[in-house]
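Participant: sequence first, then the predicted structure:
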Amino acid sequence: MPTDNYKTKGESAEFQSTTISAKFVSRTKGGNWKAQVDEDDAGVGEGVVSGWFASVYE
């Protein structure tokens with residue numbers, strides 16, 4: 001979850017960045033750390049693109 005820091009008192013605005021912490025792990029199946037698809041690539045079935053966020057891609 002991103003954390004927000006605010007500093008509202010003072011004469012001028014002081015901008016601060018959002019901090020995000022995450023942990024990435026490789027998949028146990030195949031050891032791949034990411035999967036990507038382009039809907040315009042040859043051989044990509046419609047179900048792959050429409051169900052991309054519904055389950056883990058195999």
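Facilitator: Perfect, I can see it now. Numbering: from 1, shown residues only.
Participant: in this structure, what residue sits furthest out from the centroid?
Facilitator: Distance from the centre of the chain peaks at E11, with 36.8 Å (Cα atoms, centre = their mean).
Participant: contact partners for that residue?
Facilitator: With contacts defined as Cβ atoms under 8 Å, 6 or more residues apart in numbering, E11 is in contact with no residue. Placement of C-beta: from N, CA and C, glycine included.
Participant: now it: how far from S17?
Facilitator: Distance of E11 to S17, computed by Cβ to Cβ, to the nearest Å: 21 Å.
Participant: swap in F24?
Facilitator: As judged by Cβ to Cβ, F24 and S17 stand 20 Å apart.
Participant: same question, G43
Facilitator: 41 Å.
Participant: who's more crowded, these two?
Facilitator: Between G43 and S17, counted using other Cβ atoms under 10 Å, the more crowded position is S17 (8 against 5).
Participant: confirm that the more buried one sits in a helix.
Facilitator: No: judged by DSSP: H, G, I helix; E, B strand; the rest coil, S17 forms no part of a helix; its state is coil.
Participant: so what does it look like in phi/psi?
Facilitator: Here is the backbone geometry of S17 (degrees, to the nearest 10): phi -90, psi 150.
Participant: quote the end-to-end distance of stretch 21-28.
Facilitator: Length of stretch 21-28, first residue to last, Cα to Cα, to the nearest Å: 22 Å.
Participant: and that stretch, what's buried?
Facilitator: Residues of stretch 21-28 include none that count as buried (16 or more other Cβ atoms under 10 Å).
Participant: per-residue confidence averaged over it?
Facilitator: Averaging pLDDT along stretch 21-28 yields 78.
Participant: look up how far K29 lies from the residue farthest from the centre of the chain.
Facilitator: Applying Cβ to Cβ to E11 and K29 gives a distance of 56 Å.
Participant: ok, A42 next?
Facilitator: From A42 over to K29 the distance is 24 Å, taken as Cβ to Cβ.
Participant: higher neighbour count, the two?
Facilitator: Neighbour comparison, A42 and K29: the larger count goes to K29, with 8 against 5 (by other Cβ under 10 Å).
Participant: can you list the weak-confidence ranges in the chain?
Facilitator: Along the chain, the model assigns pLDDT under 70 to residues 1-10, 13, 56-58.
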